[in-house]
Structure formats: structure tokens, C-alpha cells
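J.: quick one: sequence and predicted model below, then my questions.
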Amino acid sequence: MSQLIASCEDNLIHEDSVREAQRNLIDGLTATRLAQIFGALSDPTRVRIISALNERELCVCDLAALLGMTQSAISHQLRLLRTLGLVKHHKDGRIVYYELDDEHIRDLFQRGVEHITHVVLPG
């Protein structure tokens, strides 16, 4: 069975549609930053960290125990998530607690979960 390839057979450009799409097209820097965020969320471990922090703040030790990983491995993942503004931290004495950076991250995570519950994905 042959696969269909999306193409324009008539090479007709709909200029009004292109102009309207251009007005709504995000700039390159925003696209890059958004791709970085989605890239961070492409790792199952980081998604599970986000899931855990969606409910409450946790320290590295708690996250390591929860996910069955070393503290070093969790710290490495948290560093990336913090750099991208997905999580934030605060100290209480010698313990560092992590939480989601804001409601946007919680909403992004929850919408992703909602999306996969109604879409049949391969695998």
C-alpha cells in the first residue's frame, strides 16, 4: 500500500491565508525556547518529576526515593528543569525543596495528560 505524500499539486499559494498565518506566527526566539521546553518534557524521567511536583514540593531525596534513582541523577534532571524555568527551589536549612515554577507549567502538564487520554497513540 502506498503512502500519501502531502504536497500542492497545483502550486497555488493562497496569499490571504499566508498573510493571516504570518500575523500569528511566533518569532524564531520564542519558537526556540518553546522547543527547549518541549524537549525537556520529551524525557520520561523529567515528566515523572513534573508529575510528582504537580502535587507538592519535594526535596531531591524524596524524588530519588519516589523514582528509584540516585540523588545525583535527580539533581541533574532538576538542574535542566530549573534552567528552563519549569521548576524553582527554596532552601529550608540544608534541605532544598523543588516545586513547579508556576501555574502555567501545571496547566501545560495537565493538558498534556488530558490530551493523551483521548488520543490513541502508537506503541
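T.: Received the coordinates, thanks. Numbers count the residues shown, from 1 in each chain.
J.: phi, psi of residue 43?
T.: According to degrees, to the nearest 10, the main-chain angles of residue 43 amount to phi -100, psi 120.
J.: what sits against it?
T.: When contacts are counted by C-beta atoms under 8 Å, 6 or more residues apart in numbering, residue 43 touches residue 77. All C-beta atoms are positioned from the backbone trio N, CA, C, and that covers glycine.
J.: just the pLDDT for it.
T.: Residue-level confidence at residue 43 comes out at 97, pLDDT.
J.: kindly report the same for residue 77.
T.: 98.
J.: where's it, which helix or strand?
T.: For residue 77, the enclosing helix or strand under DSSP states H and E is helix 71-83.
J.: just checking, what packs against the very next helix or strand once past that helix?
T.: Where DSSP H and E defines the elements, the next helix or strand beyond helix 71-83 is strand 87-92. Packing partners of strand 87-92 (3 or more C-beta pairs under 8 Å, 6 or more residues apart in numbering; DSSP states H and E): helix 44-55, helix 71-83, strand 95-100.
J.: for these, give me CSV that also has mean neighbour count and distance to residue 64.
T.: Compiled in CSV, these are given as follows (neighbours: other C-beta atoms under 10 Å; distance: least, C-beta to C-beta, whole Å):
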stretch, mean neighbour count, distance to residue 64
helix 44-55, 16, 10
helix 71-83, 16, 5
strand 95-100, 17, 12
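J.: turn those into CSV, including distance to residue 112.
T.: CSV is the format used below for the helices and strands packed on strand 87-92 (distance: least, C-beta to C-beta, whole Å):
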stretch, distance to residue 112
helix 44-55, 8
helix 71-83, 15
strand 95-100, 13
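J.: out of the ones you listed, nearest to residue 111?
T.: helix 44-55 (12.0 Å; C-beta to C-beta).
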